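# Mind folding the following:
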Amino acid sequence: MRYTINEDPIVMAQFTTSDTVTASLYNVSTGNSVSLSATTCDEIASTGVFTWDSDNIATTPTEYTQYLWLMSNGTTIKKGKLVVGGYPDSIDTIDDNISTITTDISSIESNIATITTDISTIDDNIATITTDISSIETDVEFVKDLTGGRWYINNNQLILYKSDNTSVVATFNLYDAAGLPTMTNVVDRQRV
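Model prediction:
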């Protein structure tokens, strides 16, 4: 079983009632004996079950550590594994990371909202440009129609046709320098 660094697990082993039992501890990773502040094991109410408290480890572990514990009455040795630290102690770090991720997600969402607004503005600008282009195309088409077909002067009027020479594009009244309708010496034209 694994315990957090802040817990003080108790290990137990069965011996004969009234035995004198001592504990020793080894770091599994290094194989070294671990210094203990007390090695004496206590019997639970004449049951022959002896306990040793891990708060007797002289130097409290600060990270994931595996121990081999031994209990001995001088004749018999009982052993077990004790694991302290690790995943449960990482919960605060995980919580901090989740908090950071949540902040990052909020920042990303804010950036997405800004980008969405920018895209909307760009869409509006594109719509305006499209309208402007359509207007320019209409004007260019009109100029092409004015100059691309037949020009006919009749009854003091200039009649302009599309390139098919039958569709009227515009009609202008023609005037001379005195402002009188004319077919010759035209100095002014006004669209009808």
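
# and the gap between the residue most central in space within the chain and I119?
For the chain, the residue nearest the mean C-alpha position is I105 (4.5 Å; Cα atoms, centre = their mean). Counting by Cβ to Cβ, to the nearest Å, the gap from I105 to I119 is 20 Å. (C-beta placed from N, C-alpha, C; glycine too.)

# For the residue nearest to N155 when sequence neighbours are not counted, grab the count of nearby residues.
Spatially, and ignoring its direct neighbours in sequence, N155 is nearest to M183 (7.9 Å; Cβ to Cβ, 6 or more residues apart in numbering). Here the count is done by other Cβ atoms under 10 Å, and M183 has 13 residues near it.

# How is the residue nearest to the centre of the chain classified with respect to secondary structure?
Reduced to three states with DSSP: H, G, I helix; E, B strand; the rest coil, the structure at I105 is helix.

# likewise D123?
When classified by three-state DSSP, D123 comes out as helix.

# and it, how many neighbours?
D123: 10 neighbours (other Cβ under 10 Å).

# Would you mark the buried spots in stretch 70-77?
Going by neighbour count (16 or more other Cβ atoms under 10 Å), the buried part of stretch 70-77 is 70-73.

# An error on my part: the question was meant for stretch 48-60.
Taking 16+ other Cβ under 10 Å as the basis for neighbour counts, the residues of stretch 48-60 that come out buried are 50, 52, 54, 56-57.

# if you look at the residues you listed, which of them are in strands?
In strands, defined here by DSSP state E, the members of these are 50, 52.

# what's the farthest-apart pair in the buried residues of stretch 48-60?
In terms of Cβ to Cβ, these reach their longest pairwise distance at F50 and I57, which sit 17.5 Å apart.

# And the helices in the protein, which stretches?
Listed in chain order, the helices found in the chain under DSSP state H are 91-148.

# Can you list the low-confidence ranges for it?
Low-confidence segments of the chain, defined by pLDDT under 70, are located at 1-3, 5, 86-94.

# Residue ranges of each domain in this structure, please.
Listed domain ranges for the chain are 2-85, 90-139, 149-191 (source: automatic domain parsing).

# thought K79 was touching Y67?
No. Between K79 and Y67 there is no contact, the gap being 10.5 Å when judged by Cβ atoms under 8 Å.

# so what's G179 up against?
The contact partners of G179, by Cβ atoms under 8 Å, 6 or more residues apart in numbering, come to D188.

# quick one: it from F172, how far?
In this structure, G179 lies at 15 Å from F172, with Cβ to Cβ as the measure.

# what's the answer for R191, then?
Where F172 is concerned, R191 sits at a distance of 5 Å (Cβ to Cβ).

# who has more neighbours, the two?
Taking neighbours as other Cβ under 10 Å, R191 and F172 compare with F172 leading, 17 against 9.

# and the more buried one, what are its bridge partners?
The bridge-partner assignment for F172, based on DSSP bridges, gives L158, R191.

# can you pull the contacts of it?
Going by Cβ under 8 Å, 6+ apart, F172 touches 157-160, 189-192.

# Many thanks, I have nothing further to ask.
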